[in-house]
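K.L.:
Need a 3D model of the following:
(chains A and B)
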2 protein chains.
Amino acid sequence: MTNPICQALGIQYPILLGGLLKVGTAPLAAAVSQAGGFGILGAGAWKQDELKAQIDRVRELTDKPFGVNIVVRSPLAEEQVELVIREGLKAVTTSAGNPNAFTRRLKDAGIYVIHVLPTVEFARIAEKAGVDAIVAEGCESGGFTSLEEMTTFALVPQVADAVRIPVLAAGGIGDGRGLAASLALGAVGVQVGTVFLGTDEAEVSLAYKKALLMARDTDTHLIRFSKAAQRQIKDELRERVSEVLESETDRQELEVDKDHTLDWEEHLKMKKVPRVMSAGQVAGLVKEIVPVRVLIERMVREALDIFGPGSPRAELISGR
Amino acid sequence: MTNPICQALGIQYPILLGGLLKVGTAPLAAAVSQAGGFGILGAGAWKQDELKAQIDRVRELTDKPFGVNIVVRSPLAEEQVELVIREGLKAVTTSAGNPNAFTRRLKDAGIYVIHVLPTVEFARIAEKAGVDAIVAEGCESGGFTSLEEMTTFALVPQVADAVRIPVLAAGGIGDGRGLAASLALGAVGVQVGTVFLGTDEAEVSLAYKKALLMARDTDTHLIRFSKAAQRQIKDELRERVSEVLESETDRQELEVDKDHTLDWEEHLKMKKVPRVMSAGQVAGLVKEIVPVRVLIERMVREALDIFGPGSPRAELISGR
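P.N.:
Numbering: from 1, shown residues only, chains lettered A, B, ... in the order given. Reported below is the predicted structural model:
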């Protein structure tokens, strides 16, 4: 028995890095791949040369497979698709748009296509469009999400019943319990975003990491726009973070930057609290900033402990 | 190893019937208890004499333990508390209000108190108030819910980390996958509402059951009020149900009422589509109207299959 996602992507654990707009950069993607998961660059806002630079950077950091997330609706999607084909990436996740847009082209180039979607209807459309696998993403997830507001718990089993291709779960997954619960609901793997930002390798400001560390369960909310919604840290927490950072001694700040890699000027800059910090409802599970490898290994071990040794679900977890 | 909830309530499986306003009547509660779960009367809108009649009716139908849900904010809560104490009920769930309101009195009367809540903060308050267990309920659940809109997937592990008393999960649980996922996330049991309405024993109209059968994942939505929200069937589906019921032959209708217990006049009345039909996002999982016993046994078997025989989680499932 093998895990179809691990097999297709050539990875050890069925754990994908979510397509993180702006913050899904090379060091984080490389670290996820290096630790046995599947790192994904959040191409969203990058032009071709920026994306190319990030791809090159990942390749310097790891020889493991990795992918790119393309936001279908983005005006940059077209040139990003060209690039990932030229670069021979292993897999691509497409999101926020019609799966028919790029699937044929990507697949003709031998790229494994995973479409991220919010409802059963879109799962059927994606399967018909010929994608290889799908990510069913609940509204508890950070960043951009659908106005349908299906939750992971309700969405995953209904999507799993509706399609034959492999289903991954996203939204609300922060540890081994979330990985195990996703597999219980019928997924063969997970896509994780928020808690990967609470790692050494994530290239986000000190303030952002501090916000994740301080977040309680209810410290994110969904801002609804006309065509989509965005889950982000509430202003209330932004202000608390700002106060804490101003009052803290240098020593305390440096605890977050355990490796002391930041110089002083950089440090002050990172104290500035970003206007928008995307985060999911599991931000409350971020208790310490750890290396990606620690997070993934802990997640796998915890999920294996939840299932008994005879469970087919346990075999899915480390099932290349 | 035993399940603390099964032990405390004297039940076989850690499956509770949610407190269903108006529709959580005696036949459904009795059937859940009779099948090894814990039936709960949705006392919400009932005066003392109505609740007393329902309690008597459950006792005619089963000698298994059962409970009552009391909506703390309701003006009727006070007299309902008096009654359940006088009647010597096994357990009570309290919801939509301050857990300090009635916990002391109920516990002094030897009643096991389970508080239903939507956030980690309320979980801490409830534990401090001395309740015996809590239900962490996500916003995918049907009926009244909190404006905080935490999802089950994100809420349960964070609540489980925050308190020492047993945690049950609610919201989005429709089958054995949901039961297993709840246990994986750190709950010791579940509270189920929506799919129990899709049973022979549920005293809801034919139209309501038809709506559950026809519902897709996205056919419910949250109506937001000033202090709470209510998840219900969308108008769109209400209209489709109405059309279908008008066009269907009697034979088809009678398929829903498999036992043919309805007389013709009753039948026509039940074709009227209620203005409000509460339902959770798992309404889409209701594929056929079955006896409660079938639903519970299927749920238990499926969850046991998900966990291996050596899993501590499997022991929780049938762990008196």
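K.L.:
Can stretch A:227-235 be said to contact chain B?
P.N.:
No: using CB under 8 Å from any CB of the partner chain, stretch A:227-235 stays clear of chain B, with a minimum separation of 10.3 Å. Heads up, the C-betas are built off the backbone N, CA and C, glycines and all.
K.L.:
List the buried residues in that stretch.
P.N.:
Using 16 or more other CB atoms under 10 Å in any protein chain shown as the test for burial, stretch A:227-235 gives A:229-234.
K.L.:
repeat for stretch A:108-116
P.N.:
Using 16+ other CB under 10 Å as the test for burial, stretch A:108-116 gives A:109, A:111-116.
K.L.:
ok, now stretch A:295-309?
P.N.:
For stretch A:295-309, a neighbour-count test (16+ other CB under 10 Å) marks A:295-297, A:299-300, A:302-304, A:306-308 as buried.
K.L.:
Now render the residues you listed as CSV, adding distance to chain B, pLDDT and secondary structure.
P.N.:
Listed next are these as CSV, based on distance: CB to the nearest CB, whole Å; pLDDT from 0 to 100; DSSP: H, G, I helix; E, B strand; the rest coil:
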residue, distance to chain B, pLDDT, secondary structure
A:Leu295, 15, 98, helix
A:Ile296, 17, 98, helix
A:Glu297, 18, 98, helix
A:Met299, 12, 98, helix
A:Val300, 14, 97, helix
A:Glu302, 10, 97, helix
A:Ala303, 8, 97, helix
A:Leu304, 10, 95, helix
A:Ile306, 5, 95, helix
A:Phe307, 6, 94, coil
A:Gly308, 2, 81, coil
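K.L.:
quick one: which of these is nearest to A:Glu127?
P.N.:
Nearest to A:Glu127 among these is A:Ala303, at 26.6 Å by CB to CB.
K.L.:
so what's the closest one up against?
P.N.:
A:Ala303 makes contact with A:176-177, A:179-180, A:183, A:317, B:184, according to CB atoms under 8 Å, 6 or more residues apart in numbering or on different chains.
K.L.:
what do you get for A:Pro166?
P.N.:
A:Pro166 is in contact with A:4-5, A:132-134, A:188-189, counting by CB under 8 Å, 6+ apart.
K.L.:
Now, those residues that are in strands?
P.N.:
Among those, the members falling in strands (DSSP state E) are A:133-134, A:189.
K.L.:
any idea which of those residues has the most stuff around it?
P.N.:
A:Gly189 (31 neighbours; other CB atoms under 10 Å in any protein chain shown).
K.L.:
mind listing the strands for the stretch 1-150 of chain A?
P.N.:
Here the stretch 1-150 of chain A has its strands, by DSSP state E, counting those that start in this stretch, at A:15-17, A:39-42, A:66-71, A:91-95, A:112-117, A:133-137, A:143-145.
K.L.:
Now do A:Ala207, the pLDDT please.
P.N.:
We have a pLDDT of 93 for A:Ala207.
K.L.:
got it, and A:Leu147?
P.N.:
We have a pLDDT of 95 for A:Leu147.
K.L.:
what do you get for A:Glu121?
P.N.:
Model confidence at A:Glu121 (pLDDT) stands at 98.
K.L.:
And for A:Val68?
P.N.:
Note on A:Val68: pLDDT of 98.
K.L.:
tell me, how many neighbours does it end up with?
P.N.:
30.
K.L.:
For the stretch 1-150 of chain A, which residues are neighbours of chain B?
P.N.:
A:119-121, A:138-140, A:148-150.
K.L.:
same thing but at 6 Å, please
P.N.:
Contact residues, the stretch 1-150 of chain A versus chain B (CB under 6 Å from any CB of the partner chain): A:119-120, A:140, A:148, A:150.
K.L.:
And for the closest residue to A:Phe102 other than its chain neighbours, the neighbour number?
P.N.:
In this structure, A:Phe102 finds its nearest non-sequential neighbour in A:Val81, 5.1 Å apart by CB to CB, 6 or more residues apart in numbering or on different chains. Neighbour count for A:Val81, taken as other CB under 10 Å: 22.
K.L.:
quick one, what contacts A:Phe153?
P.N.:
Residues near A:Phe153 by CB atoms under 6 Å, 6 or more residues apart in numbering or on different chains: B:140, B:152-153, B:172.
K.L.:
Count the residues that sit near the closest residue in space to it that isn't next to it in sequence.
P.N.:
Sequence neighbours aside, B:Gly172 is the residue nearest to A:Phe153 in space, at 3.5 Å (criterion: CB to CB, 6+ apart). Per other CB under 10 Å, the neighbour tally for B:Gly172 reads 35.
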